[in-house]
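Enquirer: got a predicted model here, sequence first, then my questions.
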Amino acid sequence: MCAKRLKKFGIISPIYKNENIYKNYESYNLIKRKTSSKVNREFDLDEVDLIDNNFLINKEIIKKNLFDENYFLYFETIDFAYRLKKIGKKLYIAKNIKFHHYGSSSLSSKYSNLVKKTRSFHFNWSKFYFYKKNFNYFYALKKIYPNFVKAIKKLLISIFKLDVNNLKLCLLEILGIFTSIIGLKSFYRPRN
């Protein structure tokens, strides 16, 4: 209903029920960008700068193929939204439409280790790639540095506790970071 009545948009997204845990959007402009249209008031729309997941895309945009195939699972939707914003498309959140993201809870628990391995490598690889691609190499280093420090700390704790599973995950995080830093493609596909 909202999309049909708004018509001119790039993306419309609901927001998380609990934004204290995570927000699926970012807004860099401190001034609220609300318009006074009836649709905007009815759905409590705000224009934002980035949207991460769970969104509705204007079907005309799909024809332009703005997805980057280098990503695997993480940051591809943020990159897509960022590219839309760069070509002048509007990104909206509908604050009165909310959702709850259950993560990987729809998967059988027998795949949890596979999901953790995948996330460990690809989240870090994609984070560096996104910032390098859209900003610059040194900004990407600055953004990935906290992930690297956290991974090293977890690695040391895992060694101290002799926690082999967590040690493997930490090594995958570090591998994802270094693979992206040196410009290799995202190659890791874990086996259970």
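Expert: Now that the structure is in, tell me what you want to look at. Numbering: from 1, shown residues only.
Enquirer: which residue packs closest to the one residue sitting closest to the centre of the chain, ignoring adjacent ones?
Expert: To find the centre residue of the chain, average its C-alpha atoms and take the closest one (CA atoms, centre = their mean): that gives Phe75, at 3.9 Å. Leaving aside its sequence neighbours, Phe75 sits nearest to Ser126 (CB to CB, 6 or more residues apart in numbering; 3.8 Å). C-beta here means a position set from N, CA and C on the backbone, and glycine is covered the same way.
Enquirer: tell me how far the one helix or strand the one you found maps to is from the chain's mean position?
Expert: Ser126 is located in helix 112-134, with elements delineated by DSSP states H and E. With CA atoms, centre = their mean, to the nearest Å as the basis, the distance from the averaged C-alpha position of helix 112-134 to the chain average is 10 Å.
Enquirer: go ahead and name everything in contact with it.
Expert: The list of residues contacting helix 112-134 from outside it, by CB atoms under 8 Å, 6 or more residues apart in numbering, reads 68, 70-76, 78-79, 82, 104, 107, 139-141, 143-144, 147, 151, 165, 168-170, 172-177, 179-181, 186, 188, 190-192.
Enquirer: for that helix, buried residues please.
Expert: For helix 112-134, a neighbour-count test (16 or more other CB atoms under 10 Å) marks 115-133 as buried.
Enquirer: which secondary structure elements does the lengthiest strand in the chain sit against?
Expert: When the chain is scanned for its longest strand (criterion: DSSP state E), the result is strand 91-99. Taking 3 or more CB pairs under 8 Å, 6 or more residues apart in numbering; DSSP states H and E as the contact definition, the neighbouring helices and strands of strand 91-99 are helix 2-6, strand 11-16, helix 38-43, strand 45-48, strand 50-51, helix 76-86.
Enquirer: quick one, which of those is packed in tightest?
Expert: Stretch with highest mean neighbour count among those: strand 50-51 (a mean of 24; mean count of other CB atoms under 10 Å).
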